[in-house]
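# sequence plus the predicted model coming up.
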Amino acid sequence: MASPAWLSLEDALARMRSVAPFPTRTMMCNTEAALGHVVSENIIAPCDVPPLPVSAMDGFAVGLDGLCSEMSLPVTQTIMAGQDVSSLRLNKGEAARIMTGAGIPAGADAVVMQENTTYSDDAVTLNQIPARGENVRPQGNDICRDDVIISKGTRLQPSHLMLLASVGLTACQVYSPLTVALLATGDEIKAPGETLNPGQIFNANSIGVAGLLSPLNVQVTDLGICRDDADALQTCLEDAATKFDLIISSGGVSVGDADYVKPVLDNLGQVNFWKVAIKPGKPFAFGTLGKSLFCGLPGNPVSAYVTTQQLVVPLIEAMQGVESVPSAMRGLATLTTDIRRQPGRQEFMRASLDVHPDGSWQVSPLAKQSSGVMTSVTKANAYIVVNAQTRYLKAGERVQVIPFTR
Ligand SMILES: Nc1nc2c(c(=O)[nH]1)N[C@H]1C(S)=C(S)[C@@H](COP(=O)(O)OP(=O)(O)OC[C@H]3O[C@@H](n4cnc5c(N)ncnc54)[C@H](O)[C@@H]3O)O[C@H]1N2
Ligand code: MOO
């Protein structure tokens, strides 16, 4: 069973959120550069969208007063999108040729799409009488002036940028990007591109962690690789603590003779917690270093990956002032094979999720679940999330899955 010193994922997240400082620095950002930033104040619409009632179809604008089907109406005007219609008027018994997006003239109650008419250049017969307002987009149908169109704490997605552009805004107030330092630790770790000596391996973690953080729009600085030496690590972290909002290391966080992360954090700052009951990812140090927060990820690449997704990303979202984060899509899938496991930690098993021809989801854990096997992530498209206490899951059972794209 889990040791009492291990926090559940939920408790670890609660502790992290409780010490995450709310952002204070803000800046104006041009909308072209605003993707992924978090807005620091409610954004108010300066105008209506659409700015006037407009046609939703190419067709004919008509007034309903006295209108009958089979009646031939003279077409007295043509209205194009962008045309000023403020002085136009449609008289009773007339029709206006109108294009999608064009303003509705006074006197018109509806638009009939041209496919539902018989028409020539100067007359139109309607196949049926439209309802009032049919194919008319009212003024402010999408956005009304003074509406809050984007609320404080929203991370800007492409759809939000379209909203800003649709009301003519070219810039908005956002929180300044957090500064994040990445550090790999270990005498055996070399940068890709360098020559490996016997016993050495390449640094896989830093680039993957940076990739996972890239949608969060933080300013990442790669501090490279620190050797397994308490003094060297202390010097590096002391310096980083004066420069960055968050420092993320990988490796050296367990209990081996060369694992200096926790003792150095203890010495320089405060350890908030050190063990989380998740697999992979049990050794995970979290604490404060001067004004910085610190996350010490486990060295095993899958553990570093999963803890970044499950712990670091939510921490950064809290530090960015993000409100209402869309929760990861979860669902239930039918397990195709039995799973036997050691209870004690909530597990994120890498798995292959398929949609059965009947529409149901089926999921199979990948054969290799070691936290050193990074191909278990690249070959997977979902995690099976197994409760900490579970020992045995039988083929055919419904299990919780989190689909992901690679
Ligand atoms: N006696 C115990 N041993 C271990 C425990 C434990 O509870 N008691 N926990 C195990 C678990 S679980 C994990 S996870 C690892 C975490 O160890 P560390 O964070 O100290 O990581 P290292 O020992 O430095 O490295 C582990 C493994 O990962 C490789 N590594 C490290 N950094 C990188 C990198 N940047 N890129 C690619 N690979 C990296 C390293 O060479 C090791 O093979 O501890 C277990 N041990
Ligand atoms: O937590 Mo470790 O990540 O099981 O390999």
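The structure has been received and is ready for your questions. Ligands and ions are numbered 1, 2, ... in the order given.

# anything in stretch 364-382 near ligand 1?
Yes - using CB under 6 Å from any ligand atom, stretch 364-382 reaches ligand 1 at 371-372. To be clear about C-beta, it is placed using only N, CA and C from the backbone, and glycine gets the same treatment.

# how about residues contacting that stretch?
By CB atoms under 8 Å, 6 or more residues apart in numbering, the residues outside stretch 364-382 that reach it are 204, 279-281, 298, 300-303, 305, 333, 335-337, 339, 349-354, 363, 384, 401-406.

# again, but for stretch 236-244
179-181, 183, 221, 223, 226, 247, 249, 264-265, 268-269, 289-292, 294.

# Three-state assignment for the residue of the chain found nearest ligand 1, please.
When scored by CB to the nearest ligand atom, the chain has residue 299 as its residue closest to ligand 1, at 2.5 Å. At residue 299 the chain is in coil, as set by DSSP: H, G, I helix; E, B strand; the rest coil.

# ok, the residue nearest to it when sequence neighbours are not counted - how many residues close by?
Closest residue to residue 299 apart from its sequence neighbours, by CB to CB, 6 or more residues apart in numbering: residue 251 at 3.2 Å. By other CB atoms under 10 Å, 29 other residues sit near residue 251.

# ligand 2 versus residue 251, what's the distance?
Counting by CB to the nearest ligand atom, to the nearest Å, the gap from residue 251 to ligand 2 is 11 Å.

# and what of residue 109?
Taking CB to the nearest ligand atom, one finds residue 109 at 67 Å from ligand 2.

# number of residues surrounding the closest residue to that residue other than its chain neighbours?
Distances taken as CB to CB, 6+ apart place residue 64 nearest to residue 109, at 4.4 Å, with adjacent residues excluded. By other CB under 10 Å, 15 other residues sit near residue 64.

# hang on, the earlier thing: is it true that the residue nearest to residue 299 touches residue 188?
No - counting by CB atoms under 8 Å, residue 188 is not a contact partner of residue 251; they are 9.0 Å apart.

# near ligand 1, which residues of the stretch 301-406 of the chain are found?
Near ligand 1, when you scan the stretch 301-406 of the chain using CB under 6 Å from any ligand atom, you find 301, 303, 371-372.

# now the buried members of these.
301, 303, 371 (16 or more other CB atoms under 10 Å).

# make CSV out of those residues and add distance to residue 72 and pLDDT.
Output for these, formatted as CSV (distance: CB to CB, whole Å; pLDDT from 0 to 100):
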residue, distance to residue 72, pLDDT
301, 75, 98
303, 77, 98
371, 78, 97
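
# can you narrow the residues you listed to ones near ligand 2?
Under the cut-off given by CB under 6 Å from any ligand atom, ligand 2 has 303, 371 from these close to it.

# which among the buried ones among the residues of the stretch 301-406 of the chain next to ligand 1 gets closest to residue 95?
For these, the minimum distance to residue 95 (CB to CB) is 68.6 Å, reached by residue 301.

# I'd guessed that closest one sits against residue 206; true?
No - Residue 301 is beyond contact range of residue 206, at 10.6 Å (criterion: CB under 8 Å).

# torsion angles phi and psi at residue 11?
Taking degrees, to the nearest 10, you get phi -70, psi -40 for the backbone angles of residue 11.

# begin at 773, not 1, for the rest of this chat.
OK, 773 is where the count begins now, so the last one is residue 783.

# what's the burial count for it?
When neighbours are counted by other CB under 10 Å, residue 783 comes out with 13.

# same deal with residue 870?
33.

# near ligand 2, which residues of the chain show up?
Close to ligand 2, as judged by CB under 6 Å from any ligand atom, the chain has residues 1051-1054, 1070, 1072, 1075, 1143.

# by neighbour count, which of the residues you listed wins?
Most surrounded of those: other CB under 10 Å gives residue 1053, at 29 neighbours.

# pull the contacting residues for that residue.
1069-1070, 1075, 1078-1079, 1082-1083, 1120, 1143.

# cutoff 10 Å now
781, 784, 1047, 1069-1070, 1072, 1074-1083, 1117-1120, 1143 (CB atoms under 10 Å, 6 or more residues apart in numbering).

# re the thing from before, is it true that the residue nearest to residue 881 lies in a helix?
No - applying three-state DSSP, one finds residue 836 to be coil, outside a helix.

# quick one: contacts for it?
864, 880-882, 901-906.

# do residue 900 as well
Contacts of residue 900 (CB under 10 Å, 6+ apart): 841-842, 884, 888-889.

# may I ask you to name the longest strand in this structure?
strand 1118-1127 (DSSP state E).

# that one pairs with which strands, parallel or anti?
strand 1050-1051 (parallel), strand 1133-1137 (antiparallel), strand 1154-1158 (antiparallel) (DSSP bridges).

# can you put those in TSV and add mean pLDDT?
As requested, those are exported to TSV (pLDDT from 0 to 100):
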stretch	mean pLDDT
strand 1050-1051	98
strand 1133-1137	97
strand 1154-1158	98
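
# distance to residue 1003 added to these, as JSON lines?
Below are these laid out as JSON lines (distance: least, CB to CB, whole Å):
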{"stretch": "strand 1050-1051", "distance to residue 1003": "32"}
{"stretch": "strand 1133-1137", "distance to residue 1003": "43"}
{"stretch": "strand 1154-1158", "distance to residue 1003": "39"}
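
# just list whatever residues bridge to residue 908.
residue 827.

# shouldn't it be in contact with residue 876?
Yes - under the criterion of CB atoms under 10 Å, residue 908 makes contact with residue 876 at 5.6 Å.

# tell me, what's touching those two both at once?
With CB under 10 Å, 6+ apart as the test, residue 908 and residue 876 both reach 825-827, 833, 870, 882-883.

# so which of those residues wins on neighbours?
Neighbour max across these (other CB under 10 Å) = residue 870, 33 neighbours.
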